[in-house]
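K.L.:
Below: sequence and its predicted model.
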Amino acid sequence: MDVSQAIRTRRSVREYTKEDVTDEEIHEILEAGSWAPSGLNNQPWRFKILRGVEKAEIAKHTKYRGIIEDAPVCVAVFLDPKDSYDRTKDLQSIGACIQNMLLEAHNHGLGAVWLGEILNGRYEVQKALNIEKELMAVITIGHQSVKTVISRRKSLKKLLL
């Protein structure tokens, strides 16, 4: 799939089959995330792969609990303050990292969604995982169980200033 097609056809997927996601697929998704641009090439992101008990534990801290519980695998994305030099740039870089991961999941025929609401319980999640880095998002990944609807975008005319 070419990049333009991937960008235009990727959708947020919130419902998954029971089919597992392979370790190789997860590795390639994380690898894609690691290639995102970052200021001074500081690469401030850190990943925690979540399955089983850890996944169930963090699900308690979001209103989207069911999405996390139903996904075969989740990836928690953190900001490592030790590698941070400019918070705004680092947050932008982590956004690019997550977008790369979503596109790579789509490239593998997998569905994924970027959950940000879990940040309301970030401290509880960090404590549950015993991680002293700042939670940025949780990405759920799996094989899509239902066909997603076609998405619409505002016209460029409406977006240009």
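P.N.:
Sure, I can see it.

K.L.:
Nearest residue to the middle of this structure?
P.N.:
residue 139 (3.1 Å; C-alpha atoms, centre = their mean).

K.L.:
backbone phi and psi for that residue, please?
P.N.:
Phi and psi for residue 139, reported as degrees, to the nearest 10, are phi -110, psi 130.

K.L.:
Just the pLDDT at the residue nearest to it when sequence neighbours are not counted, thanks.
P.N.:
Nearest-residue entry for residue 139: residue 75, 4.7 Å, with adjacent residues in sequence omitted and distances by C-beta to C-beta, 6 or more residues apart in numbering. (C-beta placed from N, C-alpha, C; glycine too.) Note on residue 75: pLDDT of 98.

K.L.:
How about the secondary structure of residue 75?
P.N.:
Following DSSP: H, G, I helix; E, B strand; the rest coil, the label given to residue 75 is strand.

K.L.:
Next: residue 112.
P.N.:
Quick answer, by three-state DSSP: residue 112 is strand.

K.L.:
Could you shift the numbering so residue one becomes 815, and keep it that way?
P.N.:
Noted, 815 is the first residue going forward, which turns the last one into residue 926.

K.L.:
Output the contacting helices and strands for the worst-scoring helix or strand of the chain on mean pLDDT.
P.N.:
Every helix and strand of the chain was ranked by mean pLDDT, DSSP states H and E. The lowest is helix 817-823, at a mean of 93. The criterion is 3 or more C-beta pairs under 8 Å, 6 or more residues apart in numbering; DSSP states H and E, and the helices and strands that helix 817-823 contacts are helix 901-921.
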